[in-house]
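1. I need the structure of the sequence given here:
(2 chains)
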Number of protein chains: 2
Amino acid sequence: MQVNVYRKDSHMRRTSFASMTCSVARSLELFGDWWTLLIIREAFFGSRKFGEFHEHLGIATNTLSDRLARLVEGGIFRIGDQAPNGRVLEYRLTDKGKDLYPIIVAMMQWGDKHTVGPDGPPIRLVEKATGEEIAPIQIRSASGKALQPREVAVVEGPGASAEDKLRLRG
Amino acid sequence: MQVNVYRKDSHMRRTSFASMTCSVARSLELFGDWWTLLIIREAFFGSRKFGEFHEHLGIATNTLSDRLARLVEGGIFRIGDQAPNGRVLEYRLTDKGKDLYPIIVAMMQWGDKHTVGPDGPPIRLVEKATGEEIAPIQIRSASGKALQPREVAVVEGPGASAEDKLRLRG
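-> Numbers count the residues shown, from 1 in each chain, chains lettered A, B, ... in the order given. Reported below is the predicted structural model:
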């Protein structure tokens, strides 16, 4: 059930274009597998305890232990309360972890739009202050205008390799 | 290298909370694995031909064929130009596929912020009309205000199961 396409000996070495793929591929490498994203989603829904993640996801305890340890190591979760014997009682999102929220919400909204059944989405995300459903996530310009994919261009960044530059200029 | 955590006999049956997980889990099921997301990213960067995906991703041709076929079947890509012998010359994103753009961009921006090296990001996304870098993706209220995760609540949707409702009310 575990996949590590991006571990050292796989994708990152085989591609002729490794550096351009960095930011998406590195995000994926850290997530590790789909369980990881669902664990993070659960955390945004309020789960903190091992038993809460276990119950809500129906994930095997050894898989859950492994993914939580990896998420702590990767700086996505930090350990909150601990029992006197050192057992972790709470896993809490770090700021780096909280920054994953737009990814989770974008996936949820895409799923709501394109894959739900006739009854509609099982859950909705609302602004606490107003009870109103949050807006669909959009790509926006620096000035706040919503942009379509065709209005966006890929250009070289400061970390572009010689290969990246060649491609982007070609 | 392939993972299908959500195929019938796995997650969706084992969890006690399947319907609540639907939209994120169903999105993940369709993506199939990380290669799929990188193929979609390549399409947003302008790749359409089999050889372009192959060259830019360094992906094995049999894996690429499999993923492209699955993406056509899932309605993410449509077949564009074909050779007289029926060979597919172009894979193009459908509207459903284009709707994945915010997910890709959110992953890229998260990677740029949290995982890039000292040189900075290899690429940047800019608005074609102005050349300015696009804004960081944010969760927004119906009225357009940027929201923090703690300002957002999960409530039941029209498709909530009895279990979902119990949880959300508890």
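2. mind listing what A:Lys165 touches?
-> Counting by CB atoms under 8 Å, 6 or more residues apart in numbering or on different chains, A:Lys165 touches A:Glu156. (Each C-beta comes from the backbone N, C-alpha and C, glycine too.)
3. What's the per-residue pLDDT of it here?
-> If you check A:Lys165, the pLDDT there is 80.
4. buried ones in the helix or strand containing it?
-> A:Lys165 belongs to helix A:162-169 when assigned by DSSP states H and E. Within helix A:162-169, the residues scored as buried using 16 or more other CB atoms under 10 Å in any protein chain shown are A:164, A:167-168.
5. for stretch A:85-99, same thing?
-> Counting neighbours by 16+ other CB under 10 Å, stretch A:85-99 gives A:88, A:91, A:93, A:96-99 as buried.
6. got it, and stretch A:142-152?
-> A:147, A:149, A:151-152.
7. Stretch A:65-85: end-to-end distance?
-> 17 Å (CA to CA, to the nearest Å).
8. Now find how far off-centre that stretch is within its chain.
-> 17 Å (CA atoms, centre = their mean, to the nearest Å).
9. Could you list the buried residues of it?
-> Residues of stretch A:65-85 classed as buried: A:67-68, A:70-71, A:74, A:76-77 (neighbour count, 16+ other CB under 10 Å).
10. Between those, which sits nearest B:Ala135?
-> A:Ile76 (23.6 Å; CB to CB).
11. Surely that closest one and A:Leu100 touch.
-> Yes - using CB atoms under 8 Å, A:Ile76 is in contact with A:Leu100, at 7.1 Å.
12. which among the buried residues of stretch A:142-152 are in contact with chain B?
-> On the criterion CB under 8 Å from any CB of the partner chain, A:147, A:149, A:151-152 are the entries of the buried residues of stretch A:142-152 that sit beside chain B.
13. residue ranges with poor pLDDT in chain A?
-> A:1-32, A:170 (pLDDT under 70).
14. where do the helices sit along it?
-> Counting by DSSP state H, chain A has helices at residues A:11-14, A:22-31, A:34-44, A:50-57, A:61-73, A:95-98, A:101-114, A:162-169.
15. got a markdown table for those, with distance to B:Ile59 too?
-> Below are the helices of chain A laid out as a markdown table (distance: least, CB to CB, whole Å):
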| stretch | distance to B:Ile59 |
| --- | --- |
| helix A:11-14 | 8 |
| helix A:22-31 | 12 |
| helix A:34-44 | 19 |
| helix A:50-57 | 30 |
| helix A:61-73 | 25 |
| helix A:95-98 | 29 |
| helix A:101-114 | 23 |
| helix A:162-169 | 16 |
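16. send the alpha carbons of stretch A:41-57 over as PDB?
-> Provided in PDB are the C-alpha atoms of stretch A:41-57 (Å, rounded to 0.1, in the frame of the first residue of the first chain):
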ATOM      1  CA  ARG A  41      -7.400  16.100   6.100                       C
ATOM      2  CA  GLU A  42      -8.500  14.400   9.300                       C
ATOM      3  CA  ALA A  43      -6.300  16.800  11.300                       C
ATOM      4  CA  PHE A  44      -8.000  19.800   9.600                       C
ATOM      5  CA  PHE A  45     -11.300  18.200  10.600                       C
ATOM      6  CA  GLY A  46     -10.200  18.200  14.200                       C
ATOM      7  CA  SER A  47      -8.600  14.900  14.900                       C
ATOM      8  CA  ARG A  48      -5.500  15.000  17.200                       C
ATOM      9  CA  LYS A  49      -5.400  11.600  18.900                       C
ATOM     10  CA  PHE A  50      -4.100   8.400  17.400                       C
ATOM     11  CA  GLY A  51      -7.500   6.700  18.200                       C
ATOM     12  CA  GLU A  52      -9.400   9.500  16.300                       C
ATOM     13  CA  PHE A  53      -7.300   9.100  13.200                       C
ATOM     14  CA  HIS A  54      -7.700   5.300  13.500                       C
ATOM     15  CA  GLU A  55     -11.400   5.400  13.900                       C
ATOM     16  CA  HIS A  56     -12.200   7.900  11.300                       C
ATOM     17  CA  LEU A  57     -10.000   6.600   8.600                       C
END
